[in-house]
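>>> Kindly generate the corresponding structure for this input.
(2 chains)
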There are 2 protein chains.
Amino acid sequence: MKTYRYFLAGLGNIGRSFLEIVSARERILAERYDLALKCVGVSDSSGSLTSPEGVDIPSVIRAKKARLSLASIRGTHVGADLASVYQDLGESVDMLLDATPVNLEGGDPGYTLTKLALSRGFPVVTANKGPLALHFNELASLSDWTDKRKPMLRFSATVGGAMPTINVGVYDMPCAHIMRVEAVLNATTQIILEMMAGGQTYETAVQEAQRLGIAETDPKLDVEGWDAACKLVIITNTVLRQPCSLADVSIAGIDGNTANEARAARVVGERMSLLATAEWDGSRYRLGVAPTPLSISHSFGQLTGAEMGVQYESDLYERITLIARETGPGGSSAAMLRDVINISVGH
Amino acid sequence: MKTYRYFLAGLGNIGRSFLEIVSARERILAERYDLALKCVGVSDSSGSLTSPEGVDIPSVIRAKKARLSLASIRGTHVGADLASVYQDLGESVDMLLDATPVNLEGGDPGYTLTKLALSRGFPVVTANKGPLALHFNELASLSDWTDKRKPMLRFSATVGGAMPTINVGVYDMPCAHIMRVEAVLNATTQIILEMMAGGQTYETAVQEAQRLGIAETDPKLDVEGWDAACKLVIITNTVLRQPCSLADVSIAGIDGNTANEARAARVVGERMSLLATAEWDGSRYRLGVAPTPLSISHSFGQLTGAEMGVQYESDLYERITLIARETGPGGSSAAMLRDVINISVGH
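Okay, here's the model as predicted:
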């Protein structure tokens, strides 16, 4: 049996859900994939808890469910520098899982942690799109994305959670020339746009989404289009093989004006969505994110707030569309487990 | 550079299209995948042509495009026993590609060819669902589906052409318990049902589909539901990990009575489709194929005749839907190329 001893950075909804999923599936992991996963360290913004013998997962889950920080658990290194704690684990860790929050100003803490893990030679599974959107070239140069002998870097949770956006693009469409990608990748704006189409103002729709726990206290990342743009940058660097960064994406978010457009779209049977597109212009892909009215016959014209979609049009595989419905953080944490298992079989 | 010397059995639309695709992509195969594909033999129902130095592909394509059999090319072993010709190639072949026609009475010639290749220790890529639907257990026992050290057997072209039905189910949803699969996998019945919804009788719709080259001279395989059932059997054996054969599928095809149902469905805004389903009943999957009215809000309620779809509902990944549009044999031959490339990277 292969054993991975992992350090999980980030204990928000995705990180906690990952611990729950793995705990409940020890047997199937062993039977089906000949795999044991052992958590030797966790961290949140308050500090970190490490144990080469295995962290007591139930107590961590209990604390986080009670909305307590890791610092409330005895033995936690309060406020410790993550990178050094990670280094302390020395030979007793062999995989990093990053579920830290997105930070588009530099990408930390995920960026530094990921770089350190890859440099030390062990694989990384991340659900954090920030480091990839900001530093794709550098992280690729440290990983199997540039050299198969380097440690594996997997991030299928970053582009649509459970939706296998990256895997289908990279593994299921080899040799293809992709002419066009269209994608609805941000659930928060889908829900806000749906409320606005129903007559709410931008302000009340955002407040309602915040009340439901869908929009962040600072909704900027979602409504201004940054989240969708990050995902498009990751698709473009990997599936489309065109090096790019956020600066290459023409971004328009949603705001008060979009409310009128969303209502007008509904009147004519269309649905306004924040659509991310990559279009081949003969020499390169042009990248954009913008609110776009979609007709009911469009593949994404009927998506609900809980659904995301991506569509690849290519010369070899014609048109392949993926749609995923996801109602919580489970899909993203399951995508992290998918990556861990694929790494274990060298894929 | 890795070189695969392949024998391609079957030169119908899919086989010929595969040769064309590969010829046009020699450079991208070398640059991107460090891979060279060399055709050392081809066969059709008239005989086979082998050459350890490489078959002259342009002359084969020319002959087949002119609707001539392989027997018209000098050097062809006319009417030779395929298995023995194949054996003659000895050490100069290392992969079998099977694009022979589906035969549900025994599965040959694909069944014998596939068994022989696997037994001799080299990988097989097949677009022929017959051998898999009839003999899955046996072929699995000879391949990496039961033992990773055995030769790889890949067949992504058999379940929806370019649509990565099997890959998404097997690689992108690990550890999941799938509760329900719904799939529209037969394009011919989609087109016939669409014509009948528009007012045509069953007989004229079938004749029209035959005239367009969509339905076979003997349309039985499609209209009686066998084609869809074969695909469901392959999904069930691989993605759902439940051993099964065609006898385990409750099959209802389309006929004259379905014409009335298709028209009635359209009147209430629904669309009749030949739906394949697998449903977990608490202890096993129940398998069925039947004409089913789908509402416009169903993921497959708006599929056109050129589209197929598959939807997986699971505990971990919630609902993942795949839709593929395909207007010719290109998608299936591209799926064969996908399999060849994935085999080359050990996936």
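>>> element containing residue A:242?
Assigned by DSSP states H and E, residue A:242 falls within no helix or strand.
>>> On the three-state scheme, the residue nearest to residue A:237 when sequence neighbours are not counted is what?
Spatial nearest neighbour of residue A:237, excluding adjacent residues (C-beta to C-beta, 6 or more residues apart in numbering or on different chains): residue A:136 at 4.5 Å. For glycine as for every other residue, the C-beta is placed from the backbone atoms N, C-alpha and C. Put simply, residue A:136 is helix when judged by DSSP: H, G, I helix; E, B strand; the rest coil.
>>> Just give the number of residues close to residue A:136.
Residue A:136 has 19 neighbours, counted by other C-beta atoms under 10 Å in any protein chain shown.
>>> now the helices: where do they sit in the stretch 201-347 of chain A?
Under the criterion DSSP state H, counting those that start in this stretch, the stretch 201-347 of chain A contains helices at A:202-211, A:220-223, A:226-238, A:256-267, A:330-344.
>>> Could you pull out the buried residues of the third one?
Same thing as helix A:226-238. Neighbour-count burial for helix A:226-238, counted by 16 or more other C-beta atoms under 10 Å in any protein chain shown, picks out A:226-238.
>>> Could you count how many residues lie near residue A:299?
Applying other C-beta under 10 Å, we find 22 residues neighbouring residue A:299.
>>> where does it fall, phi/psi-wise?
Main-chain dihedrals, residue A:299, degrees, to the nearest 10: phi -50, psi -30.
>>> OK, contacts around it?
Going by C-beta atoms under 8 Å, 6 or more residues apart in numbering or on different chains, residue A:299 touches A:182, A:309, A:311, A:321, A:323, B:323.
>>> What of residue A:293?
Residues near residue A:293 by C-beta under 8 Å, 6+ apart: A:261, A:265, A:270, A:271, A:272.
>>> Also residue A:98?
Taking C-beta under 8 Å, 6+ apart as the test, what residue A:98 contacts is A:9, A:10, A:110, A:113, A:114, A:124, A:125, A:126, A:127, A:128, A:131.
>>> pLDDT value on the third one, please?
Think residue A:110. According to the prediction, residue A:110 has pLDDT 95.
>>> Ok, the one 5 residues further on next?
The model reports residue A:115 with a pLDDT of 95.
>>> Make a ChimeraX selection of the buried ones in the contacts of residue A:299.
Command for ChimeraX that selects the buried part of the contacts of residue A:299, burial taken from 16+ other C-beta under 10 Å:
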select /A:182,309,311,321,323 /B:323
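>>> what's the closest of the contacts of residue A:299 to residue B:104?
Using C-beta to C-beta, residue B:323 comes nearest to residue B:104 of the contacts of residue A:299, at 27.1 Å.
>>> The closest one and chain A: what is the separation?
Distance of residue B:323 to chain A, given as C-beta to the nearest C-beta, to the nearest Å: 4 Å.
>>> before we move on, back to that, okay if I get the contacts of residue A:299 as JSON lines plus pLDDT?
Listed next are the contacts of residue A:299 as JSON lines, based on pLDDT from 0 to 100:
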{"residue": "A:182", "pLDDT": "98"}
{"residue": "A:309", "pLDDT": "98"}
{"residue": "A:311", "pLDDT": "98"}
{"residue": "A:321", "pLDDT": "98"}
{"residue": "A:323", "pLDDT": "98"}
{"residue": "B:323", "pLDDT": "98"}
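>>> Give me the subset of the contacts of residue A:299 that lies in strands.
Of these, the ones assigned to strands by DSSP state E are A:182, A:309, A:311, A:321, A:323, B:323.
>>> hang on, the third one packs against residue A:320?
Yes - with contacts counted by C-beta atoms under 8 Å, residue A:311 reaches residue A:320, the gap being 7.2 Å.
>>> Spatially nearest residue to residue A:45 (excluding sequence neighbours)?
Nearest to residue A:45 is residue A:69, by C-beta to C-beta, 6+ apart, at 7.2 Å.
>>> Report how many residues lie close to that neighbour.
Counted with other C-beta under 10 Å, residue A:69 comes out at 15.
>>> which residues touch it?
Contact partners of residue A:69, counting by C-beta under 8 Å, 6+ apart, are A:44, A:45, A:46, A:47, A:63.
>>> cool, residue A:80 as well?
Neighbours of residue A:80 in contact, by C-beta under 8 Å, 6+ apart: A:47, A:48.
>>> That one and chain B, how far apart?
Residue A:80 is 32 Å from chain B, where distance means C-beta to the nearest C-beta.
>>> Mind pulling up the pLDDT for that residue?
Listed pLDDT for residue A:80 reads 70.
>>> do the same with residue A:125
Predicted confidence (pLDDT) for residue A:125: 98.
>>> That one looks like it's in a strand, true?
Yes - according to three-state DSSP, residue A:125 belongs to a strand.
>>> So it sits against residue A:342, correct?
No - checked against C-beta under 8 Å, the pair residue A:125 and residue A:342 is beyond contact range at 9.1 Å.
>>> Closest to residue B:120 out of the contacts of residue A:299?
For these, the nearest to residue B:120 is residue B:323 (38.3 Å; C-beta to C-beta).
>>> contacting residues around that closest one?
A:299, A:320, A:321, A:323, B:163, B:299, B:300, B:303, B:307, B:308, B:309.
>>> do the same with residue A:54
Residues counted as contacts of residue A:54 (C-beta under 8 Å, 6+ apart) are A:38, A:39, A:40.
>>> next one: residue A:172
A:317, A:320, B:156, B:164, B:167, B:168, B:338.
>>> before we move on, the earlier item: okay, the contacts of residue B:323 in TSV with distance to residue B:289 next?
What follows is the contacts of residue B:323, written out as TSV (distance: C-beta to C-beta, whole Å):
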residue	distance to residue B:289
A:299	25
A:320	23
A:321	23
A:323	23
B:163	17
B:299	18
B:300	14
B:303	16
B:307	18
B:308	14
B:309	15
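>>> Would you map out the domains in chain A?
Using automatic domain parsing, the domain ranges for chain A come out as A:2-162+A:330-344, A:168-325.
>>> is the helix or strand residue A:166 falls within up against chain B anywhere?
Using DSSP H and E, residue A:166 maps to helix A:165-171. Yes - judged by C-beta under 8 Å from any C-beta of the partner chain, helix A:165-171 comes into contact with chain B at A:167, A:168, A:171.
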